[in-house]
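K.L.:
Sequence first, then the predicted structure:
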Amino acid sequence: MSSQVSNPFSTGGGGQFFEAKVQASFVLQLLIGGRVPCLPSGNIQSVRLQAKQAGFNTDDFVVSIRADSGTDHRLLSQIKHHATISVSDGEFYDSLASAWSDFNNTKAFVKGRDALTLITGPLSDKVLQHVRPLLDWARTSASGVEFAGKVATARFSSDQKRTYLQVFKDVLSKVAGTTPTDDILWDFLKHFYLLNYDFDVQGSKDEAAILTVLELARNASGGQDAQAIWEGLIIQTQEWNKTAGTFTALEIPLRLRSAVQPRRSIAQRDAVSRIQEHSALVLGDIN
């Protein structure tokens with residue numbers, strides 16, 4: 001009988017490595033004074049891993065920042081590599097249930113300041129074309145009535161967007177035990193984000209963008225190249241993930257802190273952010 005070699009994602013190990021890389025990418029932003037997606041510009045205060053012990057249900061990691069305006073914000077993130085936007089998808093259901101629980105817990109979530117994210121692997125064209133715009137419409141609408149009206153309008157919207165909105169409504173109805181009103185659904189969706197990374201493939205554009213940023217941020221006299229710093233971050237994240245560790249500017253091990261240049265000013269952080277965005281666009285075109 002011939003044996004077959006399974007790939008890491010089919011046996012579960014790949015998902016854990018994907019999670020570690022996603023978490024490490026946010027620890028990197030803490031290390032270099034970078035930006036956090038879905039939140040305003042500011043200083044990252046901490047990255048807490050496996051935060052259920054701290055009262056969060058969206059718990060794979062929680063990033064806390066102090067915005068340039070002085071207000072505090074948090075990004076609550078769940079990582080589900082294979083999640084799909086479907087009523088029958090267990091990973092999506094679990095993620096939405098966790099997000100809904102935190103959204104309604106004032107100790108875990110501040111509406112208008114904090115954000116909820118589901119982080120997956122590469123998204124399908126349908127999700128990119130219909131779900132992401134749907135969430136953007138929620139964020140740019142002034143009320144649930146306005147949002148529902150946009151989705152219902154022929155030609156402005158589409159059957160696919162209406163179908164996906166119904167998926168969110170059906171899952172939240174099961175989670176909450178009652179059908180959410182237009183205002184409640186709109187309020188939840190405007191705080192909810194979908195992020196995707198391609199760390200599941202070798203030579204990915206997201207990893208290339210990270211290495212580009214590290215090459216620019218690294219301490220030339222530190223003796224470590226960008227690849228070594230990145231691998232060190234991943235290993236450190238995997239170790240601290242086991243103990244629900246919290247990274248802060250001072251709690252990052254010295255060997256990693258000394259590998260990059262000192263924390264940047266706001267102007268410098270914005271410059272690094274622009275470099276990241278430009279790298280992602282260029283590499284996306286190449287891909």
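P.N.:
Arrived safely. Numbers count the residues shown, from 1 in each chain.
K.L.:
Show me the shaky parts of this structure.
P.N.:
Residues of the chain that meet the criterion pLDDT under 70 lie in 1-15, 262-287.
K.L.:
Show me the strands in it, by range?
P.N.:
42-49, 61-67, 72-79, 115-120, 192-196, 246-247 (DSSP state E).
K.L.:
Going by residue numbers, what spans are helices in the stretch 1-150 of the chain?
P.N.:
Secondary structure of the stretch 1-150 of the chain by DSSP state H, counting those that start in this stretch: the helices cover 8-11, 13-32, 90-103, 125-126, 132-139, 144-152.
K.L.:
Against which helices or strands is the second one packed?
P.N.:
If you count contacts as 3 or more CB pairs under 8 Å, 6 or more residues apart in numbering; DSSP states H and E, helix 13-32 packs onto helix 8-11, strand 42-49, strand 61-67, strand 72-79, helix 205-217, helix 226-241. To be clear about C-beta, it is placed using only N, CA and C from the backbone, and glycine gets the same treatment.
K.L.:
orientation of that helix relative to strand 192-196 in degrees?
P.N.:
Counting by axes from the mean of the first three to the mean of the last three CA atoms, to 10 degrees, helix 13-32 lies at 110 degrees to strand 192-196.
K.L.:
Now do the buried residues in helix 13-32.
P.N.:
14-15, 17-32 (16 or more other CB atoms under 10 Å).
K.L.:
thinking again about what came up before, between the helices of the stretch 1-150 of the chain, which one is nearest to residue 227?
P.N.:
helix 13-32 (12.9 Å; CB to CB).
K.L.:
Quick check: beta-bridge partners of the closest residue to residue 240 other than its chain neighbours?
P.N.:
Take residue 240 and drop its neighbours on the chain: the residue closest to it by CB to CB, 6 or more residues apart in numbering is residue 49, 5.8 Å away. Beta-bridge partners recorded for residue 49 (DSSP bridges): residue 61.
K.L.:
Contact partners for residue 49?
P.N.:
Contact partners of residue 49, counting by CB atoms under 8 Å, 6 or more residues apart in numbering, are 23, 60, 61, 237, 240, 241, 244, 245, 246, 247.
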